[in-house]
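In: give me a 3D structure for the following:
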Amino acid sequence: MSRLYSLLLLLSLIGISTAFRTQAVAVTGKLMCGDKPASGVLVKLYDEDDGPDPDDVLDQTSTETDGSFNLQGSAMELTPIDPEIRIYHDCNDYGRPCQREWVIRIPNKYIYSGTKAAKPMDLGIMNLEVELESESHDCLH
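Out: Here you go, the predicted structure:
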């Protein structure tokens, strides 16, 4: 009888593990602070998770001297991933402590099966001078 339970447990574990799927996302863009490239700005790609599970960092980079960045990453999840990028910058922060944090959700149409995204979401050129109502300040990122 214990062999039957062991077999059922093994089959259940196999079923659960195959239900998880690898999903990928990529984002590209260019950041400016007014008319100057925002170089050295930290940009992180996250899979935002609810509940006690912490958000997963899929990729991170600092912008190039021209303000451009490219991020890509993947995660294995049972449900669709919830990708977002977080941008940490000091453009027009008026000397406040910590950095301004922008959070931008990535639409589901840019989530692909597998470990590589077929096409990145292109954010275009974004001016960090803009003050978003939902932005916050973050000291620990």
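In: which stretches of the chain form strands?
Out: If DSSP state E is used as the criterion, the strands of the chain fall at 21-33, 36-37, 42-47, 56-62, 68-77, 83-89, 99-105, 112-113, 121-127, 136-138.
In: residue 86 against residue 41, yeah?
Out: No. Because the distance of 11.0 Å does not satisfy C-beta atoms under 8 Å, residue 86 is recorded as not touching residue 41. To be clear about C-beta, it is placed using only N, CA and C from the backbone, and glycine gets the same treatment.
In: returning to what we had before: would you turn the strands of the chain into TSV with mean neighbour count?
Out: Compiled in TSV, these are given as follows (neighbours: other C-beta atoms under 10 Å):
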stretch	mean neighbour count
strand 21-33	20
strand 36-37	14
strand 42-47	22
strand 56-62	16
strand 68-77	19
strand 83-89	22
strand 99-105	17
strand 112-113	14
strand 121-127	14
strand 136-138	12
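In: mind putting those in TSV, mean pLDDT and distance to residue 3 included?
Out: Formatted as TSV, the entries for these read as follows, by pLDDT from 0 to 100; distance: least, C-beta to C-beta, whole Å:
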stretch	mean pLDDT	distance to residue 3
strand 21-33	96	31
strand 36-37	98	66
strand 42-47	96	39
strand 56-62	96	38
strand 68-77	95	30
strand 83-89	96	44
strand 99-105	94	49
strand 112-113	96	36
strand 121-127	98	50
strand 136-138	84	54
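In: tell me which of the ones you listed sits nearest to residue 2.
Out: Go through the strands of the chain one by one with C-beta to C-beta and the one that ends up closest to residue 2 is strand 68-77, at 31.2 Å.
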